[in-house]
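Visitor: Build me a model:
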Amino acid sequence: MDDLKLNNIQQHWDSLITSAIAWAPKIITAVISAFLIYIIGSWMIRMIKRLVEKAFKKRNMDASLQLFLLNIINWGLNILLFIVVVTQLGVQTSAFVAMIGAAGLAVGLALQGSLTNFAGGILILLLKPFRIGDFISASSGVSGTVNAIDIFHTRLITPQNQLIVIPNGEISNKSITNYTQLGTRRTWFDIGVSYNADLKQAKDILMEVITNNQYALKDPAPQVVVTELGDSAVNLSVRVTTTNENYWAMNEELIIACKKALDNAGIEIPFPQRDVHVYNK
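Guide: Numbers count the residues shown, from 1 in each chain. Have a look, this model is predicted:
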């Protein structure tokens, strides 16, 4: 009985050795070919990325859009290469694709918010409501210079040198004010003068200050407009256009020069005040 068991084990072992010897060349050939396909495929992916990057640069494509498209191309080509390699090793492609689809569905359900940000990033990169270097203000109240546009987030640098990270889903679904895109910016501030002041004289003085400012543009024409009879003063609105890079310098110079000119003319800029009437019975 023991001899019969030993003979059966020996027969199975011999059969296994024979099958291994028969399959060894095929397995070795499949592994070597898969390795060669991986090496050649990786080289081709690098070449394709370089050619595509050169094509993007020749077309002067936006830097953030270039990075996004290159990442998409890189991921797509690497996934394709991986499928080819595992197919060469004998893995059934249909089962593998089904597994990837199921995993993708599970990840999509778990990352719904991130997918919203991803879709928002695509819209921003394609529609280009703003670019890197633009000064924008979002409806949420944050504002700053666009430092980077990632797949999921947009990064702003505030005038106080603070970094703000905004999800693309939020910024793409709400209103955005872009102060840079048109190339010029118009200052718009009020100066209050006393009710006793000659308004025509005050307007002429302020217009002269604007004319003497080195940053003020003549087109569109600057304006000084009476806008409101306030509680303590008559408000004059100063409206002047300049280039984006000179906006803050011009705004500060105008405020300083307007106050000095009004002081020299004896025109009061009143602070908030109230008249109190006392009746003696």
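Visitor: alpha carbons only for contacts and neighbour counts from here, please
Guide: Noted.
Visitor: could you pull out the strands for the stretch 1-150 of the chain?
Guide: 135-138, 143-149 (DSSP state E, counting those that start in this stretch).
Visitor: and of the ones you listed, who's closest to L236?
Guide: strand 135-138 (26.1 Å; C-alpha to C-alpha).
Visitor: Pairing partners for that closest one, with directions?
Guide: As defined by DSSP bridges, the strand partners of strand 135-138 come to strand 143-149 (antiparallel), strand 176-178 (antiparallel).
Visitor: Including mean pLDDT, distance to P270 and mean neighbour count, could those go into JSON lines?
Guide: Formatted as JSON lines, the strands paired with strand 135-138 follow (pLDDT from 0 to 100; distance: least, C-alpha to C-alpha, whole Å; neighbours: other C-alpha atoms under 10 Å):
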{"stretch": "strand 143-149", "mean pLDDT": "87", "distance to P270": "32", "mean neighbour count": "21"}
{"stretch": "strand 176-178", "mean pLDDT": "88", "distance to P270": "33", "mean neighbour count": "16"}
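Visitor: Format these as a markdown table; extra columns: distance to L229.
Guide: Below are those laid out as a markdown table (distance: least, C-alpha to C-alpha, whole Å):
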| stretch | distance to L229 |
| --- | --- |
| strand 143-149 | 32 |
| strand 176-178 | 30 |
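Visitor: which one of those lies closest to A30?
Guide: Nearest of the strands paired with strand 135-138 to A30, taken as C-alpha to C-alpha: strand 143-149 at 43.3 Å.
Visitor: Dump the C-alpha coordinates for that closest one into PDB.
Guide: In PDB, the C-alpha atoms belonging to strand 143-149 read as follows (Å, rounded to 0.1, in the frame of the first residue of the first chain):
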ATOM      1  CA  SER A 143      -8.500  88.000  -3.400                       C
ATOM      2  CA  GLY A 144      -4.900  87.800  -4.500                       C
ATOM      3  CA  THR A 145      -2.600  87.100  -7.400                       C
ATOM      4  CA  VAL A 146      -2.900  83.700  -9.000                       C
ATOM      5  CA  ASN A 147       0.200  81.700  -8.100                       C
ATOM      6  CA  ALA A 148      -0.700  78.300  -9.500                       C
ATOM      7  CA  ILE A 149      -3.600  76.400 -11.000                       C
END
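Visitor: related to what we said a few turns ago, just send the strands of the stretch 1-150 of the chain back as a markdown table, with distance to N244 too.
Guide: Converted to a markdown table, the strands of the stretch 1-150 of the chain look like this (distance: least, C-alpha to C-alpha, whole Å):
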| stretch | distance to N244 |
| --- | --- |
| strand 135-138 | 9 |
| strand 143-149 | 12 |
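Visitor: Would you tell me which of those gets closest to N60?
Guide: N60 lies closest to strand 143-149 among the strands of the stretch 1-150 of the chain, at 17.1 Å (C-alpha to C-alpha).
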